[in-house]
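Enquirer: Structure, please.
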Amino acid sequence: MESGDKPKKAHKKRAAGQKAKKKKGKQSGKAEKHNPKAHTFSGGTRSVQKRVQYTLERQAKRDKAPKVDKNPEVPPPFIVVIQGPPGVGKTTLIQSLVKHYAKQRLIQMGGPVTLVSGRHRRLTIIECPQEMSAMLDLAKIADLVLLLIDASYGFELETFEFINILQVHGFPRVIGVLTHLDSFKENKQLRKVKKTMKHRFWAELYDGAKLFYLSGLQYGRYHRLEIQNLARFIAVQKAPILSWRQSHPYILALRWEDQTDPTLAETAPRRVDLYGYVYGGRLREGLEVHLPGVGDFNVAGIKKLSDPCPPPMETEAERRKAAARKPDEKPKTKNALRTLAERHRVVYAPGSDIGSITVDSEAMYIYVPDQQVGFTPKESESQKELPEAVRLVRELQDSDAALDKASGQSNLRLLGNTKVRMDPQQPPGSHIRRPAPETVGEETDEGDVDADAEGEEEADDEDDPEERDEEMLQRAEQRFSRAPRLEEIVYGSSRVNEQFGGASGSRSTPEKSNGATDHQTVPLFDDEEEDEDDVGARTAKGEKTGLLGNLGDLDGLDSVRMPQLPGEETPWDEERKESLKARKFITGGWSSAEEDEGSGEEETGEKAEGAETKEDADPAEEQKDPTAPPDVFLDGFPIGSFVRVRLEDVPAACVAEMRRAKPMILGGLLPGESRMGLVQTRIKRHRWHPKLLKTYDALLLSVGWRRFQTLPVFSIEDRGEKRMRYLKYTLEHAHCTMTCYGPMVPPNTGVLAFRSWEKVGHFRVCGTGVVLEAAPNFDVKKKLKLVGEPFKIFRNTAFIKNMFSSDLEVNKYMHAKIQTVSGIRGEIKKAEGVKGNFRASFEDRILMSDLVVCKCWVTVPFKQFYHPVIDVPNWRPARLIGELRAEKGVLVPDQKDSHYGKQLVRAERRFNSLKIPKKLQATLPFRSKEKFQPKKKKTALSRKAAIVSSEREKEVNSLLSRLYTIRKEKARVRKESSERKKKVKEVQDRFIQEKRDAHRKEAKKNRYIKEGQKDAKKRKAMMMD
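Expert: Here you go, the predicted structure:
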């Protein structure tokens, strides 16, 4: 090292810290030993067993029975129920949804609205009326419920009542919708109301329940973006899989018709047809069903109709099949729809003024959009792609030419009085034509029109004249197979259906349709309505038919207005009716001769829109048909089928009360559900109902599809015993058992109890529960205490009176256990006399003052009272006991034994003093001997004697008095000083507490803001908002 150079600073190795420890361990070479227990169970065999058992138990608790969805690939329409108080905006929401889905305006609302919402999805939107019966019925079938809430008013009782109904009858999907938000002017108040109502809504349903906000109206409807957002949430909702719905078929009637013979009296039982989709299970003919508010019926007839609102994918599949059968058209290769075309947006609303065709009691109207009023066909335009109304009007334009051409070439004429013998055998492979109807006054026969209209198309195929003659005879036999009836001649257009047939036309009798005779006649008059099935098939086929012929079967149109009900006003004014009639219709009657429709699908390969898919033939022949689908005839109609169900012997009073806005549900009954018996349920009084429920007080129950009134008996199971103990009232805040008489239902069926359905100020739902068991009889015991008094006592034997009233009662209770109030046990031995006295033996001598009690249990009888609820104005429920007493002016019976609380205080019993012999006293120790020294008493002289004090005593007393006065003064000063200090301390403490509270409040507020932001980020990440 040269002089002048500074030495470099040496590096100091780290001697402490984590790094030094690691190096030290590596240098020493001492590696950690392998720990065999580091990666295995600890605690021995017992600990491992407990852990494995705990894990398996938790896994078993999480396991659930798999639920099978019975819906087919194309499910029935998704039922959306819109419920809310009056004036909350239910109709406006339906109009907005219809405008969003169908691009059409809905002005007059009446009944369900079925529409297409997607490629595979359809919706049935129905508004829930305010009647409790309608709320109960719709809660049992709803797939999704939109609860509308008026934000400017708040929650109403109807909303919470409906939520409780939903919870009992199978909880469907529920979405809340807040309306009238435009009434809040300040955003701060609006946010506060939204937050409050959201948390209240969550408290009633579950945390995170979706709540939508509709801010206001625009052009009479809600904002388009808000409705679009709501529609997206509706699109992803799935129907709940509920056991009751999966095991019971049911139908929501989209429309109904009264098909009763008009010659019968108005009070005669009616024949009603219900139209709707099948839900829940297969629906069979002869199945016992229940119509809520009406009664039980057997399905007199059921018929599958073409779907009036088909899903777009099914429609496209049929179009591709039809295109594949035509060699000149190239089939499309696309199998999936990207968007819905105009022809796919079908709406079926029979009670509303929407759709292509509407029907009322006076006329039929065809609605054509303004942008499609030009009816000149284009070269590239397909007949199947046209809307229903445009296609019908174009066919109306060509009807006159077809009739004129057919009338000039007719070669068959059947006179009214001519009887023709027909060959009952059909030639194999023949095609039966469907003729077009003719107007009154023309000489052309229907058969000629049909032969001309369709014969030219197949002239090359039919060269044999004998085959044509046989076909002509066969068609005439099928058309003119019914003789005229007197009521048809008198009333004109016949509306009587002798057999299960069309909605408005008449059918031939079963004897004639079965071919019992080959002599068949021609109708005398041509004033009957056109057969619906034939007309609908011709419409689908595209034939050039007459005016009413191409309107098709009313069962399958996009929209058919139900018959005008009494008391309802039609929205069409007279001027508009006359204008439409003059422009669209030709006056005159039309023939309604019966025709066969077997060739529609054979020739075209397409199913007629609006035509029925099942022939009106004998059911026995239908089942023998080898070409018929087995599931339709043998195993019922599957889920998703659009059917027409016929009910016979429906009370006329119930039919008179049917309204379009009132939902009609047809629920199927399982075997055994119509038998009457006792049903035992576990029930709890609702916490919002103000009163307890009383035994034998009439209750309105909703169980399954039924609504009825019955007399319940409440009971509770004794601890450690199998005895059901009778209860006079329900428990305050606990479950009890209710046994009532009514139709038997399977276990786990929801039960709702009401005292009255009338609108009252309090909560109407008085109890909720579930069915436990149904049996012919149950054993409920009532505890009974019989009290008697002894009148003779002989050591361990005593004679008791006032417990029984006759010797027969004593003999019934022979050898029963009795007991005195003091606890001495005994037994009844034998009756003494005929007045109810008896001899009893006890384990010890009893006293004359003892009360003797016999505890026993008596079986409570059940009253077989079943009063079904009928939806007619003159139906009256059984009144409650309190109502009857108020009406009769009878006071509540006042019995001392029934009083609760403080009872009658018994006089204290005085016992005689114990007498000890003198010899015994002498031997007792002094402590146990009686003390006879009496207490000294003051005499009158001692009380009057004056106390004379000496001078010394007076001075002492005076000094003590002065010292006591000084002490009192010091205490007073000390107390005042303490109070002053206390007040100062309170002021200081109050100031410090206020500062502390303000600081704590600010800290909480900041913490909640951070937690809310964190929660919002989580919900956003989970796509919950």
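Enquirer: what comes up buried for the longest strand along the chain?
Expert: Taking DSSP state E as the criterion, the chain has its longest strand at strand 780-794. Neighbour counts over strand 780-794 (16 or more other Cβ atoms under 10 Å) mark 780, 781, 782, 786, 788, 790 as buried. From N, CA and C alone the C-beta is placed, and that goes for glycine too.
Enquirer: likewise stretch 724-735?
Expert: 724, 725, 726, 727, 730, 735.
Enquirer: Next: stretch 240-251.
Expert: Those would be 242, 244, 245, 246, 248, 249, 250, 251, for stretch 240-251 by 16+ other Cβ under 10 Å.
Enquirer: Check stretch 196-212 too.
Expert: Result for stretch 196-212 [16+ other Cβ under 10 Å]: buried residues 197, 198, 201, 204, 205, 209, 210, 211, 212.
Enquirer: could I get the longest strand of the chain in CSV with only the CA atoms?
Expert: C-alpha atoms of strand 780-794 as CSV (Å, rounded to 0.1, in the frame of the first residue of the first chain):
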residue,chain,number,x,y,z
VAL,A,780,-108.4,-35.4,19.6
LYS,A,781,-108.9,-35.5,23.4
LYS,A,782,-110.2,-32.8,25.7
LYS,A,783,-109.0,-32.6,29.3
LEU,A,784,-111.8,-32.7,31.8
LYS,A,785,-111.8,-32.3,35.6
LEU,A,786,-114.7,-33.6,37.6
VAL,A,787,-114.9,-32.1,41.2
GLY,A,788,-116.7,-33.7,44.1
GLU,A,789,-117.0,-33.2,47.9
PRO,A,790,-117.0,-35.8,50.7
PHE,A,791,-120.0,-36.1,52.9
LYS,A,792,-119.0,-39.2,54.9
ILE,A,793,-115.6,-40.3,56.0
PHE,A,794,-114.6,-43.7,57.6
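Enquirer: if we can go back for a sec, could you dump the buried residues of stretch 240-251 into TSV with secondary structure added?
Expert: Below are the buried residues of stretch 240-251 laid out as TSV (DSSP: H, G, I helix; E, B strand; the rest coil):
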residue	secondary structure
242	coil
244	helix
245	helix
246	helix
248	coil
249	coil
250	strand
251	strand
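Enquirer: Next up, the contacts around the closest residue to residue 238 other than its chain neighbours.
Expert: Nearest residue to residue 238, sequence neighbours excluded (Cβ to Cβ, 6 or more residues apart in numbering): residue 173, at 7.6 Å. Taking Cβ atoms under 8 Å, 6 or more residues apart in numbering, we find residue 173 in contact with 143, 144, 145, 237, 238, 240.
Enquirer: Please work out how many residues are found near the first one.
Expert: It refers to residue 143. Residues lying near residue 143 (other Cβ atoms under 10 Å) number 22.
Enquirer: quick one: low-confidence parts of the stretch 101-250 of the chain?
Expert: Nowhere does the stretch 101-250 of the chain drop to pLDDT under 70.
Enquirer: again but with the stretch 851-1000 of the chain, I slipped
Expert: Ranges of the stretch 851-1000 of the chain meeting pLDDT under 70: 900-906.
Enquirer: All the strands of it, in order from the start?
Expert: 852-859, 866-868 (DSSP state E, counting those that start in this stretch).
Enquirer: Of these, which is nearest residue 671?
Expert: strand 866-868 (19.5 Å; Cβ to Cβ).
Enquirer: elements contacting the closest one?
Expert: Applying 3 or more Cβ pairs under 8 Å, 6 or more residues apart in numbering; DSSP states H and E, we find strand 866-868 packed against strand 706-710, strand 736-743.
Enquirer: Generate CSV for the ones you listed, with mean neighbour count, mean pLDDT and distance to residue 112 as supplementary columns.
Expert: CSV is the format used below for those (neighbours: other Cβ atoms under 10 Å; pLDDT from 0 to 100; distance: least, Cβ to Cβ, whole Å):
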stretch, mean neighbour count, mean pLDDT, distance to residue 112
strand 706-710, 22, 93, 21
strand 736-743, 23, 94, 28
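Enquirer: could I get those strands as a markdown table with distance to residue 1002?
Expert: Converted to a markdown table, the helices and strands packed on strand 866-868 look like this (distance: least, Cβ to Cβ, whole Å):
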| stretch | distance to residue 1002 |
| --- | --- |
| strand 706-710 | 57 |
| strand 736-743 | 50 |
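Enquirer: ok, back up a step: tell me how far the residue nearest to residue 238 lies from residue 236.
Expert: According to Cβ to Cβ, to the nearest Å, residue 173 and residue 236 sit 10 Å apart.
Enquirer: returning to what we had before: and which of the buried residues of stretch 240-251 is nearest residue 670?
Expert: Comparing the buried residues of stretch 240-251 against residue 670 with Cβ to Cβ places residue 248 closest, at 6.7 Å.
Enquirer: who's in contact with that closest one?
Expert: Per Cβ under 8 Å, 6+ apart, neighbours of residue 248: 280, 281, 667, 668, 669, 670, 704, 705.
Enquirer: which of those residues sit farthest apart?
Expert: Using Cβ to Cβ, the contacts of residue 248 span at most 14.4 Å, a distance reached by 281 and 704.
Enquirer: Of these two, give the one with the bigger neighbour count.
Expert: Neighbours per residue (other Cβ under 10 Å) separate residue 281 from residue 704, with residue 704 holding more: 25 against 19.
Enquirer: Can you give me the neighbour number for the nearest residue to that one once chain neighbours are set aside?
Expert: Counting by Cβ to Cβ, 6+ apart, residue 745 is the residue found nearest to residue 704 once chain neighbours are left out, at 4.9 Å. Per other Cβ under 10 Å, the neighbour tally for residue 745 reads 23.
Enquirer: isn't residue 880 right up against residue 696?
Expert: No. When contacts are counted by Cβ atoms under 8 Å, residue 880 is not listed as touching residue 696 (10.2 Å).
Enquirer: which one of the contacts of residue 173 sits closest to residue 686?
Expert: When the contacts of residue 173 are compared for distance to residue 686 (Cβ to Cβ), residue 145 wins out at 19.8 Å.
Enquirer: a strand runs through the closest one, doesn't it?
Expert: Yes. Checked against three-state DSSP, residue 145 lies within a strand.
Enquirer: Surely it and residue 175 touch.
Expert: Yes. Residue 145 is within contact range of residue 175, at 7.3 Å (criterion: Cβ under 8 Å).
Enquirer: These two: which is more packed in?
Expert: Taking neighbours as other Cβ under 10 Å, residue 145 and residue 175 compare with residue 145 leading, 22 against 18.
Enquirer: Just want to check the distance between that one and residue 138.
Expert: Residue 145 is 8 Å from residue 138, where distance means Cβ to Cβ.
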